[in-house]
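**Q** I would like the atomic coordinates for the input below:
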Amino acid sequence: MSTEEKPAAAPRSLAEALRGRDDAGLAALLRSRPDLITPVPTDLTQLATRAGTRASVVRALERLDRFALQTAQALAVAADPASYDELLGLLAGDEGDPAVSAALPHAVRTLREQALVWGGDDRMRLVRTARELLSPSAQHPSPTGLGPSVREATAGMSPGRIQEIVTAAGLPSTHDSVSAVTALTGLFTDRTRMSALLTEVPSESSEVLERLVWGPPYGQVTADPAPRLRLLLDRGLLLPTGPGTVVLPREVALHLRGGRAHRVTEPVAPPVEPVPATAAAHRPQAVDAAAAGQAYTALATVEELLKDWDEGGPAVLRSGGLSVRDLKRTAVALDVPEPVAAFWVELAYAAGLLASDGEADERYAATPAYDTWLERPAAERWTVLATAWLAATRTPGLVGGRDAKDHAVAALGPGLDRSAAPEVRHRVLALLAGLPEGAAPMAESVWARLRWERPPRAGGGDGEDLRSRLARWTLTEAEMLGITGRGALSAHGRALLGLPAPKPAPTAEPEPRGPGARLPVHHRPAPPPAPLSPAEPRNIAAAARLLAPLLPEPLDHVLLQADLTAVAPGPLQRPLADMLDVLADVESKGGATVYRFTPGSVRRALDAGQTAADLHAFLAAHSRTPVPQPLAYLIDDVARRHGHLRVGAASAYVRCDDEAVLNEILADKRAAGLGLRRLAPTVLAARADPAGLLEGLRQMGFAPAAESAEGDVLITRAHARRTPPRTPPEPVPEGPPVPDDTLLTAAIRAVRAGDLASTAPRKPRDGAGEAAGAGGGGGELPRTGSAETLATVQAAVLTGETLWIGYVNAEGAASQRVIAPVRVEGGFVTAYDHTADEVRTYPLHRITGVAELAEPADDES
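**A** Numbers count the residues shown, from 1 in each chain. Down below sits the predicted model:
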């Protein structure tokens, strides 16, 4: 008995290559291309078919880094199949490139892992769909700049013309076109003979070749070409592709390029360069302090925004979103540019603090979650904003631009979701984490790195690609939010992302010497980006813990000035801040907030139910300086006149015990619009409504108070408008989510079991001879009558044999299963299902047919 194993045969298809993978290899494929698992394929053949569909291949190619994509592009212009050495020659050229040689194994491994390439190193094949997408053609030029091969370019050429070209090139004539094209291809791929042929070409003809060598390879000629072009056409160095059009054959271009498929091969990711130390070197403490200052500003800005919309924000446009006028008004209120105002509005919306109220007259307002958010500590409130920003697919940077239909893109409106935004944000911040502590990146190097990791789609135009714009907005928004400080990643930002500790400042390393030396760091392939995952609770808690000591403590006092102002030297405790917002107007912001007391602001506090004594006590309790006399006089004066006039609903009336005051009102020209007339010595009636009458009298310098139908003073406290409970907007994912380990394990088990069912050999049925057995493994559902099905299943229960069945479920979906029947009764069969790896019960009437599995062949000899 021989124990020697036969060498594994080379796979003949992608499905066979997938069958040769272990579970870890299949898991890597499904993890890198999650669209293949939605839904779970029935077997490996279906998985291979799905992996070769155009949509899936395009998605996979778009997620390759630049060198892996260049490797796939080189395979598309190589022979099919191609060897590893041939691929290395296309990427490294005739002279070779150590960086390419070092990076190519990783690139090929990536392409194999994602099922874009299959076969051994001696017979590598690019998936057919990928070859069709990447191969050069007149309609879709290749990024390599190469044209069609000699065989492709001469496909429609007459045999006589081909023989003329072969003869002019110095080759013996052949008996058929196929051998002639083969001889011409052999000449163009032979470096020695090709060099000798080109030495005979005059310089003016060589100039034509040089203009076409790096692409595009097509050119225009007249019906009577010039002698320099006629020479090239006669020798096949240029081949006609249509009337007036010629092309440089791929083999000729590769010779002129020195064997390189690309003008510039980029095997190594460009490094992210820090800003020179002389321009921006910051201590980590300074970076954290600056970031904490920005974090506090972010909290204050969001609070101010929602406080401004507390009684009902701007109306929702009919098409959705915020109008340009309302955005401008919000920007003025926040004292920021409009793009920055759009960012804060979108951030509050993403965090679930802001939404539309859903009423008939739909307006934006704070949500109930905003009140809960206000009660949390400042550091925790910041983590809510930061985590919402990291996960949001809505992109405020697009506000003000135009969409595909040339409509203006509005803040809070549709059309702002970009699925790549969260991944780009995480990646940019991860690149910042790789810099030395306190170092800010050079923006151009970040853009270059992202373009290498995910090259822009070909034909995207000359403008800035989306990922570069997202990266630019990420750096700006991270600074405003306080994740970075002075351009460098802060400690609490690093903790929020769960990134490793910063690396020490780089030190000079001696260059490696000798053939066996390791390549320096910048010559090694870049590590793949880490998979995107939401912020974990422990990371959020760690970030809040690091940020809390850096935020200023809320103060319980202000400094009253003699010029009717109060200075808050820092953030105020919430009850104090809320009361000051009613009693005074904010005059200026910054490191310290300046409040100004005016008759209107004092009247506002009195309207809210405060008395003069309450205001005096409040100021005395919260001021580190004595209450100035002018402020005390202002409060007493406004309080004395407050409520002297009473306004009620008649439709509206004014009453006052002092007839002289009413006479003064009637005599004032500014009262003409109110439509006043005297009903009694102490009562005036008005055409205006009570609210308009109140406002009109206040503009005339009076301090009226509203009263109820019973004659009591109405206390007009500010009404905080809230929406019904709302959930934050769901991010729009970029394709199916990456499956977790549990789903991968179950999916791989199901795929392998289904593959076993579709490929297991079946015994030939009686009367079918070898024809039935030869069809085993073909994947066709067995067809048997109900009587034969029942008899076969009952026999399998007695003998313990395994059956292959065709089954149609209640939804009409057909599948194949391998089962070991255990019991048959009541029209049902109970069996161990190898496909699902569990015991199941099947109705007999849903089994379309059965077939016995053949005994496995004995490999021992």
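**Q** so where's the stretch 1-150 of the chain shaky on pLDDT?
**A** Low-confidence segments of the stretch 1-150 of the chain, defined by pLDDT under 70: 1-8.
**Q** mind checking what helix or strand follows the longest helix along the chain in sequence?
**A** Longest helix in the chain, counting residues (DSSP state H): helix 284-308. Downstream of helix 284-308, the next assigned helix or strand under DSSP states H and E is helix 324-334.
**Q** please identify the buried residues of that next one?
**A** 326-327, 330-331, 334 (16 or more other Cβ atoms under 10 Å). Where you see a C-beta, it was placed from the backbone N, CA and C, and this is true even at glycine.
**Q** just checking, what's the longest strand in the protein?
**A** The strand that spans the most residues within the chain, counting by DSSP state E, is strand 814-825.
**Q** name the strands paired with that strand and say parallel or antiparallel.
**A** strand 803-808 (antiparallel), strand 828-833 (antiparallel) (DSSP bridges).
**Q** which residues are contacting the first one?
**A** Contacts to strand 803-808, defined as Cβ atoms under 8 Å, 6 or more residues apart in numbering, come from residues 757, 760, 762, 781-783, 792-793, 796, 814-821, 831, 842, 846-853.
**Q** how far does it sit from the chain's center?
**A** Centroid separation between strand 803-808 and its chain, computed with Cα atoms, centre = their mean, to the nearest Å, is 43 Å.
**Q** over to the last one?
**A** On the basis of Cα atoms, centre = their mean, the separation between the geometric centre of strand 828-833 and that of its chain is 46 Å.
**Q** how about whichever helix or strand comes after that strand, which residues are buried there?
**A** Counting by DSSP H and E, the element after strand 828-833 in chain order, helix or strand, is strand 838-843. By 16+ other Cβ under 10 Å, the buried positions in strand 838-843 come out as residue 842.
**Q** so, low pLDDT: which residues of this structure?
**A** Low-confidence segments of the chain, defined by pLDDT under 70: 1-8, 277-281, 458-464, 501-535, 644-651, 709-720, 757, 760-782, 835-837, 854-861.
**Q** quick test: name the residue nearest the centre of it.
**A** The chain has residue 420 as the residue nearest its centroid, 1.5 Å off, counting by Cα atoms, centre = their mean.
**Q** and that residue, how far is that from residue 474?
**A** Per Cβ to Cβ, to the nearest Å, residue 420 is found 11 Å from residue 474.
**Q** also residue 589?
**A** Distance, residue 589 to residue 474, by Cβ to Cβ: 26 Å.
**Q** which of those two has more residues huddled nearby?
**A** A direct count of neighbours by other Cβ atoms under 10 Å for residue 589 and residue 474 places residue 474 higher, at 25 against 15.
**Q** other SSEs contacting the host helix or strand of that one?
**A** Following DSSP H and E, one finds residue 474 within helix 466-481. For helix 466-481, the elements it packs on are helix 284-308, helix 338-350, helix 378-391, helix 421-433, helix 443-453, strand 484-485, judged by 3 or more Cβ pairs under 8 Å, 6 or more residues apart in numbering; DSSP states H and E.
**Q** residue 585: what's it in contact with?
**A** Counted by Cβ under 8 Å, 6+ apart, residue 585 has contacts 595-596, 598, 600-601.
**Q** check contacts around residue 116.
**A** Neighbouring residues of residue 116 by Cβ under 8 Å, 6+ apart: 57, 60-61, 72, 126-127, 130.
**Q** distance check, it against residue 423.
**A** Residue 116 sits at a distance of 21 Å from residue 423 (criterion: Cβ to Cβ).
**Q** just checking, residue 634 touches residue 564?
**A** Yes. The pair residue 634 / residue 564 is scored as a contact, 6.6 Å apart, by Cβ atoms under 8 Å.
**Q** any shared contact partners between the two?
**A** Common neighbours of residue 634 and residue 564 are listed as residue 597 (criterion: Cβ under 8 Å, 6+ apart).
**Q** how about stretch 566-578: buried residues?
**A** Using 16+ other Cβ under 10 Å as the test for burial, stretch 566-578 gives 566-568, 571-572, 576-577.
**Q** need the CA coordinates for stretch 371-390. CSV is fine.
**A** Extracted in CSV, the C-alpha atoms of stretch 371-390 (Å, rounded to 0.1, in the frame of the first residue of the first chain):
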residue,chain,number,x,y,z
ASP,A,371,-32.5,68.4,27.4
THR,A,372,-31.0,65.1,28.5
TRP,A,373,-27.7,66.1,26.8
LEU,A,374,-27.6,69.4,28.6
GLU,A,375,-27.7,67.6,32.0
ARG,A,376,-24.6,65.5,31.3
PRO,A,377,-21.1,66.6,32.2
ALA,A,378,-19.3,68.7,29.6
ALA,A,379,-16.8,66.0,28.6
GLU,A,380,-19.6,63.5,28.1
ARG,A,381,-21.5,66.0,26.0
TRP,A,382,-18.5,66.4,23.8
THR,A,383,-18.1,62.6,23.2
VAL,A,384,-21.8,62.6,22.0
LEU,A,385,-20.9,65.2,19.4
ALA,A,386,-17.6,63.6,18.4
THR,A,387,-18.9,60.0,18.0
ALA,A,388,-21.9,61.3,16.0
TRP,A,389,-19.5,63.2,13.7
LEU,A,390,-17.2,60.2,13.2
